[in-house]
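Asker: this one's sequence-less:
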Ligand code: FAD
Ligand code: AMP
């Protein structure tokens, strides 16, 4: 293995591995340092996203959604199944198989692109030197023309609720239970808490989510968030706002959770506790002081718009830097940085960043919320369309939710799109593209949408922003 590379990437999550592959495509010699040891006790590429994040959570959401459908909704579709039962160990094994196929896939892509995987922990020293400590403690120093820091993030732990075995767990632990807990408390009703809560609720657990804030999903358009709160409550997710968890104590195979709500201090006893209070950048130990890279009090590495640090040729991307902690955000930063290193132009439109909560129904959005536009005093108009009026949603038997489009009244440009409903994550693509192309609502209104598809709801919401929706009566623009 060479000691000198054009590019060394520290971290192989969706930010780091994408940066490494793009840099190699552009003719650079590339190494990627990764320390991850997976569930099978083997080194693995792919970071949080592939090993314990996006992919395994979606695998379990898929299994449990189909189980729920088979159990509760197939009969309405004229399908009789008899008793539907669930095999949790098989579900977990399927999830693990998907993870190992995908992480193995990254290994193959590294080989195909001649990227060296330096197995171990990387630390940036001065002068773009990178020290790698292997899992046996052996050290070797490599040097690079450019270094990309992509060390990602880890779950935030609460001092008052320490993790304990498989009873008090973080998001990773909640992806691995092999039997269905009777009752689960989730700390934090954010995206991860809602997704994991949904998985286990669909399998039959009693799930309560305790959320310190008094607003449900404050980053989501509140019309959509209210719709989501109603739907999740109907599904049996017991979401309690204004409720701060203050401690936990494991007794045998139960855990007592202490919390404070508007009525004072309380306790509940549950089988499992999931701590889902967010993630923090994982930069400790990644940068030696002599490298002179600035990190803020939350551990985020200081970068400019092009993700370059204060040291020329050293970049940082993904969850390790400012911005939403999303896999696709990190990947696109990886592409941008690799292209800049190769002398190409690179930029990223952070205003057109898609966001998704993969519950059922899914919640997906891009751009500004109506609350943000109001606060800015923007001259905007909203168009909405409910899936209840969509022929395709009716045929699917999945009519909850709506599409909402926000347009600039003067320029007709799309300011935001907010969807709650079936396949919202896939439907959102059209709006992201519209924003990326600086398109208008009229562009969507002019576009022919196949019938019957869920995407017609997007079309109708665009028409509705101008008072022209066909399939809904009296829908005046506001
Ligand atoms: P990471 O994926 O965290 O990867 C960083 C890598 O760097 C790790 O492999 C780590 O071992 C390695 N590393 C760190 N320090 C060193 C070092 N010193 N030396 C060597 N290696 C090092 N995002 C979405 O967009 N969509 C989703 O659906 C989604 N679902 C999620 C579900 C869950 C349960 C969780 C926990 C997260 C989810 N996320 C989702 C968030 C997403 O996983 C992260 O935003 C994404 O993984 C960040 O990518 P990254 O490459 O910056 O960091
Ligand atoms: P997210 O950042 O989307 O992963 O969501 C994490 C959520 O956890 C946030 O909405 C926080 O308000 C919430 N949270 C953090 N600490 C506590 C706590 N001690 N009790 C209840 N909720 C909390």
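Answerer: Structure received. Please read all numbers here as calculations on a predicted model, not as lab measurements. Ligands and ions are numbered 1, 2, ... in the order given.
Asker: in contact with the nearest residue to residue 172 once chain neighbours are set aside, which residues?
Answerer: Spatial nearest neighbour of residue 172, chain neighbours left out: residue 52 (4.1 Å); criterion: Cβ to Cβ, 6 or more residues apart in numbering. For every residue, glycine as well, the C-beta is placed using N, CA and C. Shown in contact with residue 52 (Cβ atoms under 8 Å, 6 or more residues apart in numbering): 171, 172, 175.
Asker: burial measure for the second one, as a count.
Answerer: In this case it means residue 172. By other Cβ atoms under 10 Å, 16 other residues sit near residue 172.
Asker: can you check the first one too?
Answerer: A total of 22 residues lie near residue 171 under the criterion other Cβ under 10 Å.
Asker: check contacts around the residue in the stretch 351-478 of the chain that ligand 2 sits nearest to.
Answerer: Proximity of the stretch 351-478 of the chain to ligand 2 (Cβ to the nearest ligand atom) peaks at residue 357, 9.3 Å away. Taking Cβ under 8 Å, 6+ apart, we find residue 357 in contact with 191, 194, 195, 217, 220, 228, 363, 364.
Asker: which one of these is nearest to ligand 2?
Answerer: residue 191 (4.9 Å).
Asker: so what pLDDT did that closest one get?
Answerer: pLDDT recorded at residue 191 is 98.
Asker: longest single strand anywhere in this protein?
Answerer: The strand that spans the most residues within the chain, counting by DSSP state E, is strand 139-149.
Asker: quick check: bridge partners of residue 406?
Answerer: Beta bridges link residue 406 to residue 382, residue 416 when assigned by DSSP bridges.
Asker: next, count neighbours for it.
Answerer: Neighbour number of residue 406 under other Cβ under 10 Å is 26.
Asker: also near ligand 2: which of the contacts of residue 357, exactly?
Answerer: Among those, the residues lying close to ligand 2 (Cβ under 6 Å from any ligand atom) are residue 191.
Asker: among the contacts of residue 357, which are located in strands?
Answerer: Members of the contacts of residue 357 lying in strands (criterion: DSSP E): 363, 364.
Asker: quick one, grab the pLDDT at the nearest residue in space to the residue of the stretch 351-478 of the chain closest to ligand 2 that is not next to it in sequence.
Answerer: In this structure, residue 357 finds its nearest non-sequential neighbour in residue 363, 4.2 Å apart by Cβ to Cβ, 6+ apart. In this model, residue 363 is scored at 99, pLDDT.
Asker: stretch 392-411 spans what distance, first to last residue?
Answerer: Distance across stretch 392-411, first residue to last, is 32 Å (Cα to Cα, to the nearest Å).
Asker: what comes up buried for it?
Answerer: 392-393, 398-408 (16 or more other Cβ atoms under 10 Å).
Asker: ok, stretch 23-35 next?
Answerer: 23, 24, 26, 28, 29, 30, 31, 32, 33, 34, 35.
Asker: does at least one residue of the longest helix seen in the chain sit close to ligand 1?
Answerer: Using DSSP state H to define each element, the chain has its longest helix at helix 88-112. No: on the criterion Cβ under 6 Å from any ligand atom, helix 88-112 is out of touch with ligand 1, staying 9.9 Å away.
Asker: how about that helix: buried residues?
Answerer: In helix 88-112, counting by 16+ other Cβ under 10 Å, buried: 88, 91-92, 95-96, 98-100, 102-103, 106-107, 109-110.
Asker: interface residues of the stretch 151-300 of the chain facing ligand 1?
Answerer: Counting by Cβ under 6 Å from any ligand atom, the stretch 151-300 of the chain sits next to ligand 1 at 151, 152, 153, 171, 192, 282, 285, 286.
Asker: check the third one and give its pLDDT.
Answerer: Residue 153 carries a pLDDT score of 98 in this model.
Asker: now swap in the fourth one and tell me
Answerer: What the model reports for residue 171 is a pLDDT of 98.
Asker: show me what contacts it?
Answerer: Taking Cβ under 8 Å, 6+ apart, we find residue 171 in contact with 52, 53, 57, 155, 192, 196, 274, 276.
Asker: give me the phi and psi for it.
Answerer: Here is the backbone geometry of residue 171 (degrees, to the nearest 10): phi -60, psi -30.
Asker: I'd like the contacts of residue 357 written out as CSV, with neighbour count added.
Answerer: CSV is the format used below for the contacts of residue 357 (neighbours: other Cβ atoms under 10 Å):
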residue, neighbour count
191, 22
194, 27
195, 21
217, 21
220, 23
228, 23
363, 27
364, 27
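Asker: mind listing which of the contacts of residue 357 are in helices?
Answerer: Applying DSSP H to those, the entries found in helices are 191, 194, 195, 228.
Asker: list the helices and strands the helix or strand hosting residue 200 packs on?
Answerer: Element membership of residue 200, judged by DSSP states H and E, is helix 191-202. Applying 3 or more Cβ pairs under 8 Å, 6 or more residues apart in numbering; DSSP states H and E, we find helix 191-202 packed against helix 54-72, strand 183-187, strand 206-210, strand 237-240, strand 272-275, strand 355-357.
Asker: make JSON lines out of those and add mean pLDDT.
Answerer: Formatted as JSON lines, the helices and strands packed on helix 191-202 follow (pLDDT from 0 to 100):
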{"stretch": "helix 54-72", "mean pLDDT": "98"}
{"stretch": "strand 183-187", "mean pLDDT": "99"}
{"stretch": "strand 206-210", "mean pLDDT": "99"}
{"stretch": "strand 237-240", "mean pLDDT": "98"}
{"stretch": "strand 272-275", "mean pLDDT": "99"}
{"stretch": "strand 355-357", "mean pLDDT": "98"}
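Asker: contacts only, for the residue of the chain found nearest ligand 2.
Answerer: Residue nearest to ligand 2 within the chain: residue 190 (2.1 Å; Cβ to the nearest ligand atom). Contact analysis of residue 190 by Cβ under 8 Å, 6+ apart lists 211, 217, 276, 277, 278.
Asker: remind me which residues of this protein are low pLDDT?
Answerer: The model of the chain has pLDDT under 70 over residues 1, 474-478.
Asker: can we see that at 50?
Answerer: Scanning the chain for pLDDT under 50 picks out no residues.
Asker: what ranges does it have for its helices?
Answerer: Under DSSP H, the chain gives helices at 16-25, 47-52, 54-72, 88-112, 191-202, 222-234, 327-341, 370-376, 391-396, 424-436, 441-446, 455-464.
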